[in-house]
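Trainee: Sequence first, then the predicted structure:
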Amino acid sequence: MTHFGIICPAATGHLNPMTTLGLGLKQRGHRVTVVGIPDAQSKTLAAGLEFREIGGSEFPAGISKESLAKLGELSGLAALKYTIYLVQQSAVMLLEQGPAAVKEAGIEALLVDQVSPGGGTIADYLGIPFISSGGSLLLNQEEGVPPFFTSWNYSPSWWARLRRDFQIKKYSKTNAKILLISPLSVFSASLW
């Protein structure tokens with residue numbers, strides 16, 4: 001059977017659905033390892049899955065609760081900027097430490113939470129398959145999928161693709177200006 005790795009944030013709303021999927025895979029005879037920060041360890045082990053720690057120095061035990069408490073005190077643009085900051089820091093750590101951890105654990109395929117932007121990159125880099133999973137609003141920016149911030153229905157027509165591409169570019173440029181970041185700075189860490 002396959003050795004699956006799970007990459008997701010340690011937050012309950014991400015870890016619980018992903019470990020539930022992992023348990024389902026384990027019950028079907030697969031081996032499942034969550035690759036995550038120390039805050040994910042107890043829930044992972046309680047779910048009966050294996051755990052491989054990364055980011056212990058950058059994200060010590062208790063950091064998730066502390067970060068979510070701080071986020072709960074913010075609102076508006078400040079909350080958005082702090083969320084983006086957290087995602088950036090997590091992505092950098094994941095891209096720096098994830099490939100080695102996945103390879104050393106012998107993981108053959110990844111199950112990646114859609115808000116862990118480096119997971120698919122790690123799979124591509126290692127030449128292993130991955131599945132993107134979303135337990136909430138679809139955030140993927142894939143060809144043919146309407147942007148998550150619209151109410152558009154799917155359409156394969158040329159005008160719908162053009163409309164989608166225009167809105168994604170506009171959204172990316174606007175967010176980069178608001179957040180004072182380069183659109184690609186989330187992926188600033190080098191795998192090479």
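Mentor: Noted; the coordinates are in hand. Since the model is a prediction, treat every value here as computed from it, not as a measurement. Numbering: from 1, shown residues only.

Trainee: which ones are touching the nearest residue to residue 23 once chain neighbours are set aside?
Mentor: In space, and not counting its chain neighbours, residue 23 is closest to residue 47: 5.5 Å by Cβ to Cβ, 6 or more residues apart in numbering. Using the backbone N, CA and C atoms, a C-beta is placed for each residue, glycine as well. Counting by Cβ atoms under 8 Å, 6 or more residues apart in numbering, residue 47 makes contact with 19, 20, 22, 23.

Trainee: Kindly recompute the last result at 7 Å.
Mentor: By Cβ atoms under 7 Å, 6 or more residues apart in numbering, the contact list for residue 47 reads 19, 22, 23.

Trainee: and the longest helix for the chain?
Mentor: Criterion DSSP state H: the longest helix present in the chain is helix 76-105.

Trainee: Can you list the buried residues in that helix?
Mentor: 84, 86-99, 101-102, 105 (16 or more other Cβ atoms under 10 Å).

Trainee: Report how many residues lie close to the nearest residue to residue 36 once chain neighbours are set aside.
Mentor: Nearest residue to residue 36 in three dimensions, chain neighbours excluded: residue 10, at 5.8 Å (Cβ to Cβ, 6+ apart). Using other Cβ atoms under 10 Å, residue 10 has 25 neighbouring residues.

Trainee: No further questions, thank you.
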